[in-house]
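Q: just need the structure, nothing else, for what follows:
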Amino acid sequence: MTVIVSGASFAAFIYSGQLTEFFSLGVEMVLAGSILVMLITTLFGSLPITIAVAQDESLAIYALMASSVAVLISEHTTDAILSTIFITHALAGILTGLLFLRLGTLKLGHLISFIPYPVIGGFLAGIGWFLFYG
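A: Numbers count the residues shown, from 1 in each chain. So this is what the prediction gives:
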């Protein structure tokens, strides 16, 4: 149930302003992505009791990408804008996944210990500010 509510709120944040006409499709895409993440984590994860859900840390970046794409190609049809936004989000997710997969295969997870706590706290505070402002 929380996945459905958070998915709808994520889509409302991303597809706001001039993108409100794409909200219903955005909800479908966010929920489909959440289900896909859950299935992949459950089937291929190393810990069988793991449940993965979409997080809100990248939400502000996805909203910024969507609005930037909509502004850059505003002279095109709504179908072109929507498909470009979906492809942009998909490529960002795939590239992020490949980066984390590569870091995992090289066993470089320990590198996070070199990032100071104030930097991580500032990152989380910045994400919170973006979400509050949005």
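Q: quick check: next helix or strand after the lengthiest helix in the chain?
A: Across the chain, the longest stretch assigned as helix under DSSP state H is helix 78-105. Scanning forward in sequence from helix 78-105 by DSSP states H and E, the next helix or strand is helix 117-133.
Q: in that following helix, which residues are buried?
A: Neighbour-count burial for helix 117-133, counted by 16 or more other Cβ atoms under 10 Å, picks out 127, 130. For every residue, glycine as well, the C-beta is placed using N, CA and C.
Q: and that helix, how far from the chain's centre?
A: 16 Å (Cα atoms, centre = their mean, to the nearest Å).
Q: by contact count, what packs against it?
A: helix 59-72 (3 or more Cβ pairs under 8 Å, 6 or more residues apart in numbering; DSSP states H and E).
Q: in the helix it packs on, what's buried?
A: Those buried within helix 59-72 under the rule 16+ other Cβ under 10 Å are 59-60, 62-63, 65-67, 69-70.
Q: mind saving the C-alpha coords of it as PDB?
A: The C-alpha coordinates for helix 59-72 follow below in PDB (Å, rounded to 0.1, in the frame of the first residue of the first chain):
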ATOM      1  CA  LEU A  59      13.100  12.500  -7.000                       C
ATOM      2  CA  ALA A  60      14.200  16.100  -7.300                       C
ATOM      3  CA  ILE A  61      16.700  15.200 -10.000                       C
ATOM      4  CA  TYR A  62      14.100  13.300 -12.000                       C
ATOM      5  CA  ALA A  63      11.700  16.300 -11.600                       C
ATOM      6  CA  LEU A  64      14.400  18.700 -12.800                       C
ATOM      7  CA  MET A  65      15.200  16.400 -15.800                       C
ATOM      8  CA  ALA A  66      11.500  16.200 -16.800                       C
ATOM      9  CA  SER A  67      10.900  19.900 -16.600                       C
ATOM     10  CA  SER A  68      14.200  20.600 -18.500                       C
ATOM     11  CA  VAL A  69      13.300  18.200 -21.200                       C
ATOM     12  CA  ALA A  70       9.800  19.700 -21.500                       C
ATOM     13  CA  VAL A  71      11.200  23.200 -21.900                       C
ATOM     14  CA  LEU A  72      13.900  22.200 -24.300                       C
END
